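Peer 1: missing the sequence, but the structure's below:
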């Protein structure tokens, strides 16, 4: 198939094009692009094909086309654009224009090679909090649904007041508007649907290393202490062997402490938690907001509702309240290749039952008995208080076993 030219175009239409690019457009027989891009060429005499819906059908049509084709795209087609997908399916020559991010930073007068870039254009905002937390400079591509005011609401729900926002609207076009905003101010302003948001950290925000102190978590009262203790939590999260993009299940999340520690590691992944106690669930949600982890949390008793979650790379089970065999069996079945299940057990009966279920499902296990004591002052001396011993069971599928 002969090569197809893909040309990036700015919000000022033809003005953004080199003369050669404009010649290629008018010499083509089929012009493909979004309705906005096609509208820049009302005098085009060839056939036009608007990009609508799934790109797979567009590719199928183009692959059977014999006419000479030019595809129009917004800005730089390879920067969160259609160029990446189409170039994997078609023989393209790509001629980019400036990206909206470049234009926004130019208006700010700041470098952007050190910026963290996110896109919520046509995507869910879930997980954005942990991905950007602590980043000094963040560029966000938006859409009409995930607008600057919605982004401000989202960030404020996680207490991210250390950021100020620069919004560039209709960059390069006749209706261009740029400005700096406080998040509280930005949440009440309507913006053009064509915009980009730059977040700049202007003051120090909170930080939490792995191993967050137990007292930092909101817990059930008066029964304080229903939490996976810091030392056991660190060992358990370490045993999960999380990657940056891991999908994690936290079953019996309670305060959400393990889900939060996992979210700090699997920033580009997804965290899913389930809890049967409504009071604990509310505490969990408050803790997630405090520690800036945007997890999906559901109210229910496992294994109910686990079918709502995507298959996991890692599963932590802090408690089952019965039904262990059914829960572990489902987790074994759903666990992704090279995934791990980590279960905390307090009693030898639960340890024995878990080991039997894992063996039945052809999983290998490793058990650590954590007997932790913490120092405690007594007058001008120091003694140790012992925490409950915990069995930390780590399970993974035996080599060569693909299913349970």
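Peer 2: Everything's here; your move. Small disclaimer: the values here were computed from a predicted structure and weren't measured.

Peer 1: Look up how far residue 264 lies from the residue nearest in space to the middle of the chain.
Peer 2: In the chain, the residue lying closest to the centroid (Cα atoms, centre = their mean) is residue 127, at 3.7 Å. Going from residue 127 to residue 264 by Cβ to Cβ, to the nearest Å gives 12 Å. Every C-beta, even on glycine, is put in place using the N, C-alpha and C of the backbone.

Peer 1: go on, residue 138?
Peer 2: Taking Cβ to Cβ, one finds residue 138 at 17 Å from residue 264.

Peer 1: And the helices in the stretch 51-200 of the chain?
Peer 2: Along the stretch 51-200 of the chain, the segments classed as helices by DSSP state H, counting those that start in this stretch run 55-63, 83-89, 100-108, 128-132, 148-157, 183-186.

Peer 1: got CSV for the ones you listed, with mean neighbour count, mean pLDDT and distance to residue 309 too?
Peer 2: Compiled in CSV, these are given as follows (neighbours: other Cβ atoms under 10 Å; pLDDT from 0 to 100; distance: least, Cβ to Cβ, whole Å):
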stretch, mean neighbour count, mean pLDDT, distance to residue 309
helix 55-63, 14, 93, 27
helix 83-89, 15, 94, 27
helix 100-108, 20, 95, 33
helix 128-132, 21, 97, 18
helix 148-157, 19, 97, 22
helix 183-186, 17, 97, 31
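
Peer 1: What about residue 302, how many residues nearby?
Peer 2: Close neighbours of residue 302, defined as other Cβ atoms under 10 Å, add up to 24.

Peer 1: typo on my end, residue 206
Peer 2: Neighbours around residue 206, by other Cβ under 10 Å: 12.

Peer 1: How about the secondary structure of it?
Peer 2: Following DSSP: H, G, I helix; E, B strand; the rest coil, residue 206 is assigned to coil.

Peer 1: Now do it, the pLDDT please.
Peer 2: Listed pLDDT for residue 206 reads 95.

Peer 1: For residue 256, see how far away residue 283 is.
Peer 2: 7 Å.

Peer 1: what touches both of the two?
Peer 2: Jointly contacting residue 283 and residue 256 under the rule Cβ atoms under 8 Å, 6 or more residues apart in numbering are residue 217.

Peer 1: So between these two, which is more surrounded?
Peer 2: Counting neighbours by other Cβ under 10 Å for residue 283 and for residue 256 shows that residue 256 has the greater number, 32 against 23.

Peer 1: got the contact list for the spatially closest residue to the more buried one that is not a sequence neighbour?
Peer 2: Residue nearest to residue 256 in three dimensions, not counting chain neighbours: residue 284, with 3.6 Å by Cβ to Cβ, 6 or more residues apart in numbering. Residues in contact with residue 284 (Cβ under 8 Å, 6+ apart) are 253, 254, 255, 256, 259, 273, 275, 297.

Peer 1: wait, is residue 284 part of a helix?
Peer 2: Yes - under three-state DSSP, residue 284 falls within a helix.

Peer 1: what's the pLDDT at it?
Peer 2: At residue 284, the predicted lDDT confidence score is 96.

Peer 1: What of residue 3?
Peer 2: 86.

Peer 1: Number of residues surrounding it?
Peer 2: Residue 3 has 10 nearby residues by other Cβ under 10 Å.

Peer 1: That one and residue 62, how far apart?
Peer 2: Between residue 3 and residue 62 the distance is 12 Å, computed by Cβ to Cβ.

Peer 1: same thing with residue 83?
Peer 2: Counting by Cβ to Cβ, the gap from residue 83 to residue 62 is 14 Å.

Peer 1: same thing with residue 151?
Peer 2: Separation of residue 151 from residue 62 (Cβ to Cβ) stands at 35 Å.

Peer 1: what about residue 274, distance to residue 394?
Peer 2: Residue 274 is 21 Å from residue 394, by Cβ to Cβ.

Peer 1: so where's the stretch 251-400 of the chain shaky on pLDDT?
Peer 2: Counting by pLDDT under 70, the stretch 251-400 of the chain contains low-confidence ranges at 320-321, 399-400.

Peer 1: where exactly do the strands run in it?
Peer 2: 270-275, 296-299, 314-317, 340-345, 363-370, 373-378, 381-386, 390-397 (DSSP state E, counting those that start in this stretch).

Peer 1: For the last one, which strands pair with it and how are they oriented?
Peer 2: When you say that, I think you mean strand 390-397. Strand pairing for strand 390-397, determined by DSSP bridges: strand 340-345 (antiparallel), strand 363-370 (antiparallel).

Peer 1: Same question for the third one.
Peer 2: In the sheet containing strand 314-317, its partner strands are strand 247-251 (parallel), strand 340-345 (parallel), by DSSP bridges.

Peer 1: Check the second one too.
Peer 2: Within its sheet, strand 296-299 is paired with strand 270-275 (parallel), according to DSSP bridges.

Peer 1: quick check, distance from the strand it pairs with to the centre of its chain.
Peer 2: 14 Å (Cα atoms, centre = their mean, to the nearest Å).

Peer 1: let's number from 346 now, not from 1
Peer 2: Understood, numbering begins at 346; the last thing we discussed is strand 615-620.

Peer 1: What segments of the stretch 396-545 of the chain are strands?
Peer 2: With DSSP E, counting those that start in this stretch, the ranges of strands along the stretch 396-545 of the chain come out as 414-419, 437-440, 461-464, 482-486, 508-514, 522-527, 540-546.

Peer 1: After the last one, which helix or strand is next?
Peer 2: Meaning strand 540-546. helix 575-585 (DSSP states H and E).

Peer 1: wait, doesn't residue 636 sit right on residue 554?
Peer 2: No - using Cβ atoms under 8 Å, residue 636 is not in contact with residue 554; the gap is 11.6 Å.

Peer 1: neighbour-wise, which of these two wins?
Peer 2: A count of neighbours by other Cβ under 10 Å puts residue 636 above the other of residue 636 and residue 554, at 24 against 6.

Peer 1: Name the nearest residue to the more buried one, sequence neighbours excluded.
Peer 2: Among residues not flanking residue 636 along the chain, residue 605 sits closest, at 4.7 Å (Cβ to Cβ, 6+ apart).

Peer 1: ok, residue 741 - contacts?
Peer 2: Residue 741 neighbours (Cβ under 8 Å, 6+ apart): 683, 684, 685, 686, 708, 709.
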